[in-house]
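Q: here is a sequence together with a model predicted from it:
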Amino acid sequence: MRWSDMDANGHINNVPFLTYLEEARIDMLQDLIAQAKAADGVASAGILVANTAIEYKLPLVHRIAPVPIAVWITKIGGAYFDLAYEVADDPDTVYARATSRMVTYDFVSGFPRRLRPHEKEYLQRYLEP
């Protein structure tokens with residue numbers, strides 16, 4: 001985390017949490033994103049965030065060590081999938097829980113697109129109830 005992530009109250013501001021979630025999500029989905037771009041062409045393939053909700057549980061203060069973020073899939077639909085996140089050092093020290101709905105998208109047509117069988121197979125690896 002960056003020193004600039006801290007707010008006047010001495011803890012990490014709510015806005016950087018979105019960046020932390022994004023970084024965890026990209027780490028998990030980078031191979032899927034690359035596959036979609038290879039199959040559809042770089043200009044058309046995409047996965048968009050439709051919404052994100054964050055529930056802050058404990059203040060997170062600046063530190064040198066990275067904070068662990070668990071991310072998993074809770075639901076796979078026809079043209080979307082839902083993610084859940086937990087920002088925590090351990091089960092007793094949870095800083096935030098969050099969810100995101102991700103939509104597969106075609107930037108050329110300007111519309112969502114269906115998940116392909118190989119994409120669903122990829123996502124199944126991370127599916128947890």
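A: Happy to help now that I have it.
Q: any idea of the mean pLDDT for stretch 84-98?
A: If you average the pLDDT over stretch 84-98, you get 96.
Q: just checking, P16 touches D5?
A: Yes. P16 lies in contact with D5 (C-beta atoms under 8 Å); the separation is 4.0 Å. For glycine as for every other residue, the C-beta is placed from the backbone atoms N, C-alpha and C.
Q: report the secondary structure state of the closest residue to I12 other than its chain neighbours.
A: Excluding the flanking residues, the one nearest I12 by C-beta to C-beta, 6 or more residues apart in numbering is L60, at 4.4 Å. Secondary structure assignment for L60 (DSSP: H, G, I helix; E, B strand; the rest coil): coil.
Q: residue contacts, L60?
A: For L60, the contacting residues are M1, H11, I12, V67, V87, Y95, A96, by C-beta atoms under 8 Å, 6 or more residues apart in numbering.
Q: now with 6 Å, please.
A: Neighbour list for L60: H11, I12, Y95 [criterion: C-beta atoms under 6 Å, 6 or more residues apart in numbering].
Q: by neighbours, which of these wins?
A: Among those, the one with the most neighbours (other C-beta atoms under 10 Å) is I12, at 24 neighbours.
Q: centre of the chain versus the lowest-mean-pLDDT helix or strand in the chain, how much separation?
A: Least confident helix or strand, the chain: helix 14-40 with a mean of 84, by mean pLDDT, DSSP states H and E. Its chain's C-alpha centre and that of helix 14-40 lie 6 Å apart, by C-alpha atoms, centre = their mean, to the nearest Å.
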